[in-house]
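Visitor: Provide a 3D model corresponding to the input given below.
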Amino acid sequence: MATTKSKFNWFQMFWEGFTNMTTLGKTLWIIVIIKLIFMFFIMKPLFSPNFLNSKFDNSIDKADHVRKELIDKP
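Guide: Numbers count the residues shown, from 1 in each chain. Okay, the predicted model is just below:
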């Protein structure tokens with residue numbers, strides 16, 4: 001007797017968990033998601049610019065700069 005194994009639906013599991021939460025839990029998760037979006041899509045580009053791509057053209061120059069900074073800095 002062969003039984004077919006159904007594929008587990010991760011989205012449905014999380015969606016049911018979210019819809020069955022209390023109002024406080026939903027509010028806290030929404031705050032967490034908003035904070036993550038703010039940190040990664042707004043704060044990171046502003047405070048962490050891609051220094052190596054703006055200063056050097058190829059990967060050899062980038063590697064030399066990183067090597068020099070790691071070895072020569074006290």
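
Visitor: where are the low-confidence patches of this protein?
Guide: Applying pLDDT under 70 to the chain flags the ranges 1-4, 74.

Visitor: residue closest to the middle of it?
Guide: The chain has Phe40 as the residue nearest its centroid, 6.8 Å off, counting by CA atoms, centre = their mean.

Visitor: the helices in the chain, which residues?
Guide: Remark: helices assigned in the chain by DSSP state H are 10-19, 23-38, 44-47, 51-55, 59-72.

Visitor: how about these in a markdown table, adding mean neighbour count?
Guide: (Each C-beta comes from the backbone N, C-alpha and C, glycine too.) Shown next, in a markdown table, are these (neighbours: other CB atoms under 10 Å):
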| stretch | mean neighbour count |
| --- | --- |
| helix 10-19 | 10 |
| helix 23-38 | 11 |
| helix 44-47 | 9 |
| helix 51-55 | 10 |
| helix 59-72 | 10 |
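
Visitor: So the residue nearest to the centre of the chain versus Thr27, what's the distance?
Guide: Look at Phe40 and Thr27: by CB to CB, to the nearest Å, they are 21 Å apart.

Visitor: Show the backbone phi and psi for Asn50.
Guide: With angles defined as degrees, to the nearest 10, Asn50 sits at phi -80, psi 90.

Visitor: what about it, how many neighbours?
Guide: Look at Asn50: counted by other CB atoms under 10 Å, it has 8 neighbours.

Visitor: Next up, the contacts around it.
Guide: Asn50 makes no contacts at all, as judged by CB atoms under 8 Å, 6 or more residues apart in numbering.
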